[in-house]
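Trainee: what would the 3D arrangement of this be:
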Amino acid sequence: MFLLLFQTVGLRFLFRFYNRHFSKHKGLVNKLRPLIGFTPVNVDLFKLAFSHKSNNSDKSYGIRNNERLEYLGDAVLGTIVAEYLFKKYPSGNEGFLTKMRSKIVRRKSLNDIGDKMGLDMLLAEFNTTKLSKSMLGNAVEALVGAVYVEKGYRVTKRFVIQRILRNYIDIHQLEDVDENYKSQLLEYCQKNGQNVGYKVVARYKFEKRDRFKVAVLIDGVQIAYADDFNKKSAEQTASARAISQLGIQNVNQEEPA
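Mentor: Numbering: from 1, shown residues only. Take a look at the predicted model:
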């Protein structure tokens, strides 16, 4: 048993040494090392994390994009963030913890994290399609998924906390941020005797997915609109833009993506 363990550890060390110094993918490996904190054994897994579904690929080899890793990374990231917040805020109630987790793992936050990590450079290397903001957030989740497959939960937890949360998220600033733009706009309009409504003005395909263009109307007049893959997200963005256009004070006017 000890001999088998020694042989396995030795082989993994050799694979890492080879990948870092001699592999044809050593360029990718040395870009990944400062991001994830280790030299990967399965380089193809990490290449896949940056391969978007819009690429043309040989279907005879099965699924060759990052959607499955994105799915896994989304679940793992949510769990790690939930555990982190649970321990950080021992007196925080369920509602507070849920809101804080949502602020961290929402699409705009992940897009911003991906941008700060420089994942656009890796996406450009493995994709022929035009890059979009959503691809950055997807790549963050897929990268978390790849780390989890390669290293397991303990190392992935350390990666998320030390290299994502502590580097790119200001937790204390998030405590005071109210990002429910729909609620803010509704409250403002109710105080002023106005009615708020939302209308889907267009639905179209983008990156092989349905995308919605949603307008926000106040007393029947269109004030702003936004596009997103999710109608609720589009409503939030449109509400943020309406808040900005109306010059409403004492609200966070950063627009979600």
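
Trainee: count of residues packed around Arg64?
Mentor: 15 (other C-beta atoms under 10 Å). Where C-beta positions appear, they are placed from N, C-alpha and C, glycine not excepted.

Trainee: equivalent analysis for Asn138, please.
Mentor: Neighbours of Asn138 (other C-beta under 10 Å): 29.

Trainee: now do Leu45
Mentor: Neighbourhood size, Leu45 [other C-beta under 10 Å]: 16.

Trainee: repeat for Ser244
Mentor: Neighbours around Ser244, by other C-beta under 10 Å: 15.

Trainee: need phi/psi at Gly197.
Mentor: phi -140, psi 160 (degrees, to the nearest 10).

Trainee: partner residues bridging it?
Mentor: Leu217 (DSSP bridges).

Trainee: burial count for it?
Mentor: Residues lying near Gly197 (other C-beta under 10 Å) number 11.

Trainee: I'd assumed Val221 was in contact with it.
Mentor: No - checked against C-beta atoms under 8 Å, the pair Gly197 and Val221 is beyond contact range at 10.0 Å.

Trainee: mind listing what Gly220 touches?
Mentor: Asn195, Gly197 (C-beta atoms under 8 Å, 6 or more residues apart in numbering).

Trainee: assign a three-state SS to the nearest residue to Leu165 once chain neighbours are set aside, would you?
Mentor: The shortest distance from Leu165 to any non-neighbouring residue, by C-beta to C-beta, 6 or more residues apart in numbering, is to Tyr84 (6.6 Å). Assigned by DSSP: H, G, I helix; E, B strand; the rest coil, the conformation of Tyr84 is helix.

Trainee: I'd like to know how far Tyr84 sits from Leu97.
Mentor: 10 Å (C-beta to C-beta, to the nearest Å).

Trainee: and the residue lying closest to Asn127 once chain neighbours are set aside, how far from Glu70?
Mentor: In this structure, Asn127 finds its nearest non-sequential neighbour in His52, 5.0 Å apart by C-beta to C-beta, 6+ apart. Distance, His52 to Glu70, by C-beta to C-beta: 10 Å.

Trainee: list the residues that contact both of the two?
Mentor: Shared contacts of His52 and Glu70, defined by C-beta under 8 Å, 6+ apart, comprise Asn138.

Trainee: the residue nearest to Asn127 and Met135 touch, don't they?
Mentor: Yes - taking contacts as C-beta under 8 Å, His52 lies within contact range of Met135: 5.7 Å.

Trainee: any common contacting residues for these two?
Mentor: Leu123, Asn127.

Trainee: would you double-check that Gln222 falls in a helix?
Mentor: No - read with three-state DSSP, Gln222 is strand and lies in no helix.
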